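output the structure for:
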Amino acid sequence: MNKYIYSIIAIFYISTTMYSQEYIYSNQNKLLGSLNPSFYGFDEVPHVGVSYGTQKVLNNDSNIENSYAFGSTFFEDYNFSLALDVNLFKISSLGYTGTQANLHYIYKTNLTYEWVLNTSLSLGYGNNKLDFSSLVFEDQINILTGNISGFSIDPVNANNRVSFFDLGAGAHIHNSRNMFFGLNLKHLNQPNISLNDEADDNKELLISLQAGYEIDLNPFRRDFLPRNSFLFLYGSMTKQGIKSRFDFYQEAIFDDFSLGINQHVNNYEGASLTSFGTSASIFLDQMEIGANYSFEISSKKLTGMPYNYFEIFISFDFFELRQRRRGNNSRFYSFY
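Numbering: from 1, shown residues only. Reported below is the predicted structural model:
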């Protein structure tokens, strides 16, 4: 019984420190638009993709699930892109489900011959639902036997939900060779997401910064490395209220596959939680399939129980010329 209750507490803590109001992906370097929608217009190529992630408390059946799907297209004659993404966040053991769909408008501006600015405006519609029948109340617990009854006389035993609109804005600049910088603001209107009509629980403004740099590991096409070998370095900083997060990625791309490592640091009310991850992906012409596995490495496990994360994604681009130069999977390929 104590283990069961402790697991629920751990899930609450993990979901809070991992941004319960905002899921941050372990495959963030592959899903740049999830944190900053202006990146949907980065390479001016239509994209579609899906991702699934799970955060699991070890030695327990409880876990947090997140599903994500997106699609984008570029209108070359008008210098803008449109994108749509849908996110589903679920904690089964708590009966909590959060769904949000977002429409993004991204406009391209040529700053110089080499540098481009993409700015974005986002409009989202969200729905959060809490199924109280999935929760365990005090009168259901038999303290003598440790058993849990399926019946409660607690008056709070019905479903409850809240709907809201969400606004965001972002921008990034990139050159045509190897570098980009981004800034994004989410929840500009700070919508009320409280399940209690008489209470205010506003989504706090989220500010994020991103930077990426790509290094050609084989510029002279020597035989000791595959012809198209790159090192992609990416980092982001996210701040929402008293919560902050830092993510760092190092990914090596060798022709049609990639290997990487990543580090994530969360700070919440003076507490710090750190995780380390590994990733791999394969490129099949215009498709990329990959996964990321990460686990807690904090010297002191703040939740009291170890946990890990696993994410898998599939993305597809409609860049026809990629088939003519197979193996070149540089982030800046379409600008060559």
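
wait, Gly170 sits on Leu183?
Yes: when contacts are counted by C-beta atoms under 8 Å, Gly170 is listed as touching Leu183 (6.5 Å). Using the backbone N, CA and C atoms, a C-beta is placed for each residue, glycine as well.

any idea how many residues pack against Ser176?
13 (other C-beta atoms under 10 Å).

that's a helix at it, yeah?
No: Ser176 is assigned coil when assessed by DSSP: H, G, I helix; E, B strand; the rest coil, not a helix.

all strands of the stretch 201-336 of the chain, in order?
Counting by DSSP state E, counting those that start in this stretch, the stretch 201-336 of the chain has strands at residues 206-216, 229-240, 243-254, 257-268, 271-284, 287-296, 307-317.

could you dump those strands to JSON lines with mean pLDDT?
What follows is these, written out as JSON lines (pLDDT from 0 to 100):
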{"stretch": "strand 206-216", "mean pLDDT": "97"}
{"stretch": "strand 229-240", "mean pLDDT": "96"}
{"stretch": "strand 243-254", "mean pLDDT": "95"}
{"stretch": "strand 257-268", "mean pLDDT": "91"}
{"stretch": "strand 271-284", "mean pLDDT": "88"}
{"stretch": "strand 287-296", "mean pLDDT": "93"}
{"stretch": "strand 307-317", "mean pLDDT": "91"}
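
can you list the ones you listed in JSON lines and add distance to Phe74 and mean neighbour count?
Shown next, in JSON lines, are the strands of the stretch 201-336 of the chain (distance: least, C-beta to C-beta, whole Å; neighbours: other C-beta atoms under 10 Å):
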{"stretch": "strand 206-216", "distance to Phe74": "20", "mean neighbour count": "18"}
{"stretch": "strand 229-240", "distance to Phe74": "22", "mean neighbour count": "19"}
{"stretch": "strand 243-254", "distance to Phe74": "23", "mean neighbour count": "19"}
{"stretch": "strand 257-268", "distance to Phe74": "24", "mean neighbour count": "18"}
{"stretch": "strand 271-284", "distance to Phe74": "21", "mean neighbour count": "17"}
{"stretch": "strand 287-296", "distance to Phe74": "18", "mean neighbour count": "18"}
{"stretch": "strand 307-317", "distance to Phe74": "11", "mean neighbour count": "19"}
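
for Thr54, find the nearest of the ones you listed.
For Thr54, the closest of the strands of the stretch 201-336 of the chain is strand 307-317, at 5.5 Å, according to C-beta to C-beta.

quick one: strands adjacent to that closest one?
strand 47-57 (antiparallel), strand 287-296 (antiparallel) (DSSP bridges).

where does pLDDT dip in the stretch 51-200 of the chain?
Across the stretch 51-200 of the chain, the ranges flagged by pLDDT under 70 are 57-62, 132-159, 196-199.

switch the cut-off to 90
The model of the stretch 51-200 of the chain has pLDDT under 90 over residues 55-64, 90-98, 128-162, 192-200.

the strands in it, which residues?
63-75, 80-91, 96-110, 116-131, 159-174, 179-186.

any chance of those strands in TSV, with distance to Gly290 and mean neighbour count too?
As requested, those are arranged in TSV below (distance: least, C-beta to C-beta, whole Å; neighbours: other C-beta under 10 Å):
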stretch	distance to Gly290	mean neighbour count
strand 63-75	14	19
strand 80-91	18	20
strand 96-110	23	18
strand 116-131	24	18
strand 159-174	22	17
strand 179-186	20	20
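
redo the ones you listed as TSV? Include distance to Glu311.
Output for the strands of the stretch 51-200 of the chain, formatted as TSV (distance: least, C-beta to C-beta, whole Å):
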stretch	distance to Glu311
strand 63-75	8
strand 80-91	13
strand 96-110	17
strand 116-131	21
strand 159-174	22
strand 179-186	20
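
in a markdown table: the strands of the stretch 201-336 of the chain, plus distance to Asp43.
What follows is those, written out as a markdown table (distance: least, C-beta to C-beta, whole Å):
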| stretch | distance to Asp43 |
| --- | --- |
| strand 206-216 | 12 |
| strand 229-240 | 14 |
| strand 243-254 | 15 |
| strand 257-268 | 17 |
| strand 271-284 | 15 |
| strand 287-296 | 13 |
| strand 307-317 | 8 |
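
not including adjacent chain positions, what is the nearest residue to Leu88?
Spatial nearest neighbour of Leu88, excluding adjacent residues (C-beta to C-beta, 6 or more residues apart in numbering): Ser67 at 4.4 Å.

what's near enough to touch that neighbour?
Contact analysis of Ser67 by C-beta atoms under 8 Å, 6 or more residues apart in numbering lists 50-53, 87-88, 90.

now do Leu130
94-97, 159-161, 195.

quick one on the thing from earlier: Lys203 is nearest to which of the strands of the stretch 51-200 of the chain?
Nearest to Lys203, of those and by C-beta to C-beta, is strand 159-174 at 7.2 Å.

give me the angle between the closest one and strand 116-131.
Put simply, strand 159-174 runs at 170 degrees to strand 116-131, going by axes from the mean of the first three to the mean of the last three C-alpha atoms, to 10 degrees.

show me what strand 159-174 is packed up against.
Judged by 3 or more C-beta pairs under 8 Å, 6 or more residues apart in numbering; DSSP states H and E, strand 159-174 is in contact with strand 96-110, strand 116-131, strand 179-186.
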